[in-house]
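1. Starting from these lines, generate the structure:
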Amino acid sequence: MTAKGKASAKPVGRPSRYKEEFCEQAKKLCRLGATDKEMADFFGVAVSTLNLWKKNHPQFSESLKAGKQMADAEVAEKLFQRATGYSHPDVHISNFQGLITQTPITKHYPPDPTSMIFWLKNRRPDLWRDKPEPEGDDGKVLPVKVEISVKDARIRDDDQPNAKQAAS
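-> Numbering: from 1, shown residues only. Sure, this is the predicted structure:
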């Protein structure tokens, strides 16, 4: 309080370590796949401080989003290439009797079934999930009812050799 009874405009607490150049650095870190924990370590702050910077500095938050979107788009493109197959130019280098030759070639990679499955299950789970679940009239998933009789359980137990018989 000043002499006239008004509150002073002096900030309370430690000054922020945030700097404007952190925006570009954070964007580059996100492009490399850095997590919030890794970025906090890079800037020498706690994750909670990084979260505070996101909240108090919209340009910092936007640079993080932009970096993550660019990295995600690049990974999605590579996954799509793996799922659909692709070709690229290359050079074959060979050595025959001391003569080194370089031959331009095109390498072909066939579609990868695992990438196809991953892509389809994530992009269209309504059509490609492993086990479609039955839905009720209200759109909610109905529980699957499994019934087993005591007779079925006994038959299964009789099919399994018990430990004493197996030991002899």
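
2. element containing residue 33?
-> According to DSSP states H and E, residue 33 maps onto no helix or strand at all.

3. same check, this time on residue 104
-> Applying DSSP H and E, one finds residue 104 within strand 99-109.

4. Sketch out the helices for this protein, chain order is fine.
-> 22-31, 36-43, 47-56, 58-84, 113-123, 125-128, 150-159, 163-167 (DSSP state H).

5. hey, which of the ones you listed is tucked in deepest?
-> helix 22-31 (a mean of 18; mean count of other CB atoms under 10 Å). All C-beta spots, glycine's among them, are computed from the backbone N, C-alpha and C.

6. returning to that earlier point: so which of the helices of the chain is nearest residue 16?
-> Nearest to residue 16 among the helices of the chain is helix 47-56; the distance by CB to CB comes to 7.8 Å.

7. Verify the stated contact: residue 67 with residue 25.
-> No: look at residue 67 against residue 25 with CB atoms under 8 Å: they stay out of range, at 9.9 Å.

8. sorry, back to before: could you check the angle the strand holding residue 104 makes with helix 58-84?
-> In terms of direction (axes from the mean of the first three to the mean of the last three CA atoms, to 10 degrees), strand 99-109 departs from helix 58-84 by 100 degrees.

9. Show me what strand 99-109 is packed up against.
-> With contacts defined as 3 or more CB pairs under 8 Å, 6 or more residues apart in numbering; DSSP states H and E, strand 99-109 has these neighbours: strand 86-96.

10. okay, now residue 21: neighbour count?
-> 8 (other CB atoms under 10 Å).

11. Can you give me the separation between it and residue 65?
-> Distance from residue 21 to residue 65, counting by CB to CB, to the nearest Å: 18 Å.

12. same deal with residue 43?
-> In terms of CB to CB, residue 43 sits 17 Å off from residue 65.

13. And residue 55, by the same measure?
-> Relative to residue 65, and taking CB to CB, residue 55 is found at 14 Å.

14. which residue is nearest the centroid of the protein?
-> residue 72 (8.4 Å; CA atoms, centre = their mean).
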